[in-house]
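Asker: any chance you could fold what I've pasted below:
(one chain, ligands or ions: 1)
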Amino acid sequence: MNKPVSGPANGLGLLERVFQLNQHGTTVRTEIVAGFTTFLTMVYIVFVNPQILGVAGMDTEAVFVTTCLVAAFGSIFMGVLANLPVALAPAMGLNAFFAFVVVGAMGHPWQVAMGAIFWGSVGFLLLTLFRVRYWMISSIPISLRVGITSGIGLFIGMMGLKNAGIIVPNPDTLVAIGNLTSLNVALGVLGFFIIAVLAAKNIHAAVLISIIVTTSIGLIVGDVTYQGVFSAPPSIASIVGQVDVKGALDIGLAGIIFSFMLINLFDSSGTLIAVTDKAGLADENGKFPRMKQALLVDSITSTAGAYLGTSSISTYIESSSGVSVGGRTGLTAVVVGLLFLLVIFLSPLAKMVQPYAVAGALIYVGVLMTSSLSRVKWNDLTEATPAFITAVMMPFTFSITEGIALGFISYCVMKAGAGRWREISPCVLIVALLFLIKIVFIDH
Ligand SMILES: Nc1ncnc2[nH]cnc12
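Answerer: Presented below is the predicted three-dimensional model:
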């Protein structure tokens with residue numbers, strides 16, 4: 001009979017059984033290094049998210065804690081249930097949509113806007129449970145999918161430019177260039193270029209380094225007050241369970257709920273396919289092992305996140321940095337999750353981060369998301385026109401929902417007008433008609 005293995009070897013045996021490290025050609029050490037790498041690439045979100053949700057009137061200290069908690073919970077859940085090296089956290093783009101548009105521009109209380117996220121996440125969960133999610137993704141054309149991602153990128157970029165004061169309102173021209181020599185603007189510009197240059201040199205912690213540098217300069221010039229490093233986690237009572245589920249069940253919010261659902265669907269699915277592909281786990285159709293579990297983790301975490309008081313959760317494209325250093329299993333995601341739990345004790349650091357330090361990250365995420373426009377068939381106007389309209393109408397109307405609506409409608413107009421109506425899938429036609437009804441009968 002085999003002798004039981006003792007001490008640490010037993011622990012290694014457990015890790016091997018849960019994550020099948022050998023079968024994936026990886027080791028505990030490689031997975032830990034990969035976990036640290038992904039964590040360093042995405043930890044900026046704990047500093048950026050409170051700033052963005054703070055604009056919606058939420059308690060930034062509480063948002064800091066819930067951001068850490070959902071990132072930890074989602075990543076560990078993904079690692080254990082789906083055994084994939086993919087981490088989760090509140091999505092950039094959806095957080096900006098929530099704070100700047102639904103609360104800021106449309107004037108809904110943040111609790112109601114959180115209710116819209118809740119219903120969007122429930123819809124996302126139902127699409128996953130009833131297996132409609134894969135069908136929807138495959139029936140929506142690439143021009144619209146890419147148009148949505150790029151439009152959100154342009155929208156986030158515009159928020160970054162505005163928050164840093166790089167662009168300012170102008171009554172004659174709508175927008176104009178700001179005062180580039182003021183300290184805040186200069187720090188915003190510096191922050192962006194630190195990220196872009198470091199990322200171009202493949203330095204994973206580029207965003208974190210930029211936030212540290214700009215905040216340190218703020219401290220030196222007396223613009224930021226030192227708050228300490230460690231503290232007990234602040235209370236989250238002011239935001240947990242505050243979601244107004246009933247208040248969001250309003251026909252006027254239907255387009256917003258649908259937008260949250262659709263964006264979350266594309267965002268998470270696109271990221272999962274990209275990261276598993278990079279890890280060599282996906283086939284040529286983008287299918288990867290334990291896809292159902294991964295999609296479930298993703299949608300359950302989003303729903304739980306709304307209850308906890310944070311904007312929609314998504315799988316993070318930054319997970320590909322851990323994959324690039326060898327992460328292949330869920331152990332990588334578990335390491336990321338455990339590190340997010342430790343960050344909860346660093347809340348004083350988050351308090352020192354200024355909007356100009358965050359602006360660079362916003363503009364940089366804009367660059368990354370907008371780059372997907374290269375996948376549009378620009379020489380086919382029935383594809384290029386809806387992609388362009390979807391993308392540019394988001395910043396120009398200050399509404400991600402209008403961008404999606406006008407994109408779907410213009411796709412049908414272009415295909416039908418060019419006599420290629422057979423290319424319009426039932427899914428696109430239904431969504432376009434629903435948006436048309438919304439524009440004609442609900443909005444006015
Ligand atoms: N919306 C998003 N989707 C994928 N990865 C992200 N990283 C930050 N925001 C993201």
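
Asker: list the contacts of the residue in the stretch 101-250 of the chain that the ligand sits nearest to.
Answerer: The shortest separation between the stretch 101-250 of the chain and the ligand is 7.4 Å, found at Ile152 (distances taken as CB to the nearest ligand atom). Using the backbone N, CA and C atoms, a C-beta is placed for each residue, glycine as well. Ile152 makes contact with Gly93, Ala96, Phe97, Ile263, Met369, Met394, Ile400, according to CB atoms under 8 Å, 6 or more residues apart in numbering.

Asker: quick one: which of the residues you listed is nearest the ligand?
Answerer: Looking across the contacts of Ile152 and measuring by CB to the nearest ligand atom, the closest to the ligand is Gly93, at 4.4 Å.

Asker: any idea of the pLDDT on that closest one?
Answerer: The predicted structure scores Gly93 at 91 on the pLDDT scale.

Asker: do you know how far it is from Asp223?
Answerer: Distance from Gly93 to Asp223, counting by CB to CB, to the nearest Å: 28 Å.

Asker: the two: which has the busier surroundings?
Answerer: Here Gly93 and Asp223 are compared on neighbour count by other CB atoms under 10 Å; more neighbours surround Gly93, at 27 against 15.

Asker: the more buried one contacts Asp267, correct?
Answerer: Yes. Counting by CB atoms under 8 Å, Asp267 is a contact partner of Gly93 at 7.0 Å.

Asker: check contacts around the residue in the stretch 251-400 of the chain that the ligand sits nearest to.
Answerer: Taking CB to the nearest ligand atom as the measure, the point where the stretch 251-400 of the chain comes nearest the ligand is Ile317, at 3.6 Å. With CB under 8 Å, 6+ apart as the criterion, the residues that contact Ile317 are Thr271, Ala274, Val275, Leu368.

Asker: count of residues packed around Ala113?
Answerer: Ala113: 30 surrounding residues under other CB under 10 Å.

Asker: and the host helix or strand of it, what does it pack onto?
Answerer: Here Ala113 sits within helix 110-129, counting by DSSP states H and E. Using 3 or more CB pairs under 8 Å, 6 or more residues apart in numbering; DSSP states H and E, the elements in contact with helix 110-129 are helix 132-139, helix 254-278, helix 291-308.

Asker: again, only this time at 7 Å
Answerer: Here helix 110-129 touches helix 254-278, helix 291-308, going by 3 or more CB pairs under 7 Å, 6 or more residues apart in numbering; DSSP states H and E.

Asker: let's have those helices in JSON lines, adding mean neighbour count, mean pLDDT and distance to the ligand.
Answerer: Converted to JSON lines, these look like this (neighbours: other CB atoms under 10 Å; pLDDT from 0 to 100; distance: least, CB to the nearest ligand atom, whole Å):
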{"stretch": "helix 254-278", "mean neighbour count": "23", "mean pLDDT": "90", "distance to the ligand": "4"}
{"stretch": "helix 291-308", "mean neighbour count": "23", "mean pLDDT": "92", "distance to the ligand": "11"}
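
Asker: just how off-centre is stretch 332-350 within its chain?
Answerer: On the basis of CA atoms, centre = their mean, to the nearest Å, stretch 332-350 sits 18 Å off its chain's mean C-alpha point.

Asker: check the gap between Met369 and Gly191 for me.
Answerer: 18 Å.

Asker: so if I had to pick from those two, which one is more boxed in?
Answerer: The residue with more neighbours, out of Met369 and Gly191, is Gly191; 30 against 25, by other CB under 10 Å.

Asker: host element of the more buried one?
Answerer: When elements are assigned from DSSP H and E, Gly191 belongs to helix 183-200.

Asker: low-confidence stretches in the stretch 51-200 of the chain?
Answerer: Using pLDDT under 70 as the threshold, the predicted model of the stretch 51-200 of the chain has no low-confidence range.

Asker: how about the residues of it near the ligand?
Answerer: Taking CB under 6 Å from any ligand atom as the criterion, the stretch 51-200 of the chain approaches the ligand at residues Ala91, Met92, Gly93.

Asker: please give the element, helix or strand, for the closest residue in space to the second one that isn't next to it in sequence.
Answerer: What that stands for is Met92. Beyond its immediate neighbours in the sequence, the residue positioned closest to Met92 (CB to CB, 6 or more residues apart in numbering) is Val365, lying 4.8 Å away. With elements taken from DSSP H and E, the one containing Val365 is helix 355-370.

Asker: who's in contact with Pro171?
Answerer: Applying CB atoms under 7 Å, 6 or more residues apart in numbering to Pro171 gives no contacts.
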